[in-house]
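>>> no sequence on this one, just coordinates:
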């Protein structure tokens, strides 16, 4: 996929990045190269490859799932800017 200077200017405007006019042509070439590389990745057959959550093969330590009372409700609510009747008070967000 080849990008031109006008497309680079449009992308820069949408991203709110100032790109000088003399930088647009080289940037268009670099971005086009990146998009070509991404298109090549789309051609790779990954049907038998399991999804990864990390580049390092490891398992995370598990802890017991224990229900607690949150230690102390009054301490937690004391950190809130506003509270009402033992609950956090938040502004109404439904329009």
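Structure received. As the structure is a computational prediction, the values presented were derived from the model and not from experiment.

>>> from now on I want contacts and neighbour counts done on CA atoms only, so please keep to that.
Fine.

>>> my hunch is that residue 41 is in a helix, does that hold up?
Yes. Judged by DSSP: H, G, I helix; E, B strand; the rest coil, residue 41 forms part of a helix.

>>> count of neighbours near it?
By other CA atoms under 10 Å, 11 other residues sit near residue 41.

>>> show the contacting residues for it.
The contact partners of residue 41, by CA atoms under 8 Å, 6 or more residues apart in numbering, come to none.

>>> so in the protein, where's the weakest helix or strand by average pLDDT?
helix 73-78 (a mean of 84; mean pLDDT, DSSP states H and E).

>>> which element follows that one toward the C-terminus?
Scanning forward in sequence from helix 73-78 by DSSP states H and E, the next helix or strand is strand 83-84.

>>> what comes into contact with that next one?
Residues outside strand 83-84 that contact it (CA under 8 Å, 6+ apart): 77, 89.

>>> is it true that residue 24 touches residue 9?
Yes. Between residue 24 and residue 9 a contact is recorded at 7.0 Å, counting by CA atoms under 8 Å.

>>> so for the two, which sits in the more crowded spot?
residue 9 (21 against 18).

>>> so what's that one up against?
19, 24.

>>> any idea how far residue 17 is from residue 61?
42 Å (CA to CA, to the nearest Å).

>>> got it, and residue 13?
According to CA to CA, residue 13 stands 45 Å off from residue 61.
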